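> What shape does this take:
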Amino acid sequence: MTSISIIGAGNMGTAIATIAATGGASVQLLAQDAEKTAAAAAVAGASVVSGVAGDTLTGEIVVLALPYPAVAGVLAQYAGQLDGKILVDISNPLDFATFDSLVVPADGSAAQVIAQTVPGARVLKAFNTTFAATLATGGVNGVAPTTVLVAGDDASAKEALIALLIAGGVLALDAGALKRARELEALGFLQLTLAAGSSIGWTGGFALVK
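Next up, the predicted model:
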């Protein structure tokens, strides 16, 4: 059985936990507020175990369901526990002061920064081009199924995450090497600015039609 630890119990963390539980994974959901995390775990599925950030990670896959500014603190908190783990970054590293740029180098990405910070982890980029509502419903505004794009340099890590997502009822595709995270983050940035400006709804977004 695949095991997954999700750090962050907001809308994205809850949606990912639900998909993982539906796919038969052993799911651990962690966040700062124990009561809110327990409530999110109950929504995600009866088999989801909740805890608080700082608890020992039980998952072979670890999802950072966090805004980018919170990632560094969590990586420091779990220093030494992430080696060998499949570490999934879902963030869009926006400048939240201006909402008009990314805060990572122009030739890099948040995922690549994380990979440099935790070189022993098998880092993937995923989920940042999907809104929580499209993960929860499995569709983009009723137009097309939700597709999670997964980028990374470790083929077996990508295969494991993609298999889990498909088992949970969501389409997933290999988007290439980790350097493709830059393009995924640019796409996620554009989608967020369109939604924030009410050009699209939060149940919509980009869809992949094969």
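> in its sheet, what does the worst-scoring helix or strand of the chain on mean pLDDT sit against?
The element with the least model confidence among the helices and strands of the chain, by mean pLDDT, DSSP states H and E, is strand 144-145, at a mean of 91. The strands beside strand 144-145 in its sheet (DSSP bridges) come out as strand 139-140 (antiparallel).
> Show me the strands in this structure, by range?
For the chain, the strands defined by DSSP state E occupy 3-7, 26-31, 49-52, 61-64, 86-89, 122-125, 139-140, 144-145, 147-152, 171-176.
> Spatially central residue in the protein, please.
Ile90 (3.3 Å; Cα atoms, centre = their mean).
> Not counting its neighbours along the chain, what's nearest that residue?
Of all residues beyond its chain neighbours, the one nearest Ile90 is Phe127 (3.9 Å), with distances taken as Cβ to Cβ, 6 or more residues apart in numbering. Quick note: C-beta positions are derived from backbone N, CA and C, even for glycine.
> and what of Gly51?
Setting aside the residues directly before and after it, Gly51 is nearest to Leu30 in space (Cβ to Cβ, 6+ apart), at 5.0 Å.
> OK, contacts around the one you found?
Residues near Leu30 by Cβ atoms under 8 Å, 6 or more residues apart in numbering: Ser5, Ile6, Ile7, Gly8, Ala9, Thr37, Ser50, Gly51, Val52, Ala53, Gly54, Asp55.
> Among those residues, which one has the most neighbours?
The residue in the contacts of Leu30 with the most neighbours, by other Cβ atoms under 10 Å, is Ile6 (31 neighbours).
> and that one, bridged to which residues?
The residues paired with Ile6 through beta bridges, assigned by DSSP bridges, are Leu29, Val63.
> That one and Val74, how far apart?
Taking Cβ to Cβ, to the nearest Å as the criterion, Ile6 is separated from Val74 by 12 Å.
> what touches both of the two?
With Cβ under 8 Å, 6+ apart applied, the contact sets of Ile6 and Val74 do not overlap.
> who's in contact with Leu135?
The neighbours of Leu135, taking Cβ under 8 Å, 6+ apart as the test, are Met12, Ala15, Ile16, Thr18, Ile19, Phe127, Thr146, Val148, Val170.
> I'd like the list of those residues that fall within helices, please.
Judged by DSSP state H, helices contain the following of the contacts of Leu135: Met12, Ala15, Ile16, Thr18, Ile19.
> Pull the contacting residues for the third one.
For Ile16, the contact set (Cβ under 8 Å, 6+ apart) comprises Ile6, Val63, Ala65, Ile90, Phe127, Leu135.
> The fifth one contacts Val148, correct?
Yes - in terms of Cβ atoms under 8 Å, Phe127 counts as a neighbour of Val148; the distance is 5.8 Å.
> When these two are compared, which one has more neighbours?
Under the neighbour definition other Cβ under 10 Å, Phe127 and Val148 were set side by side, and Phe127 has more, 30 against 25.
> ok, now how distant is the more buried one from Ser198?
Phe127 sits 23 Å away from Ser198 when distances are taken as Cβ to Cβ.
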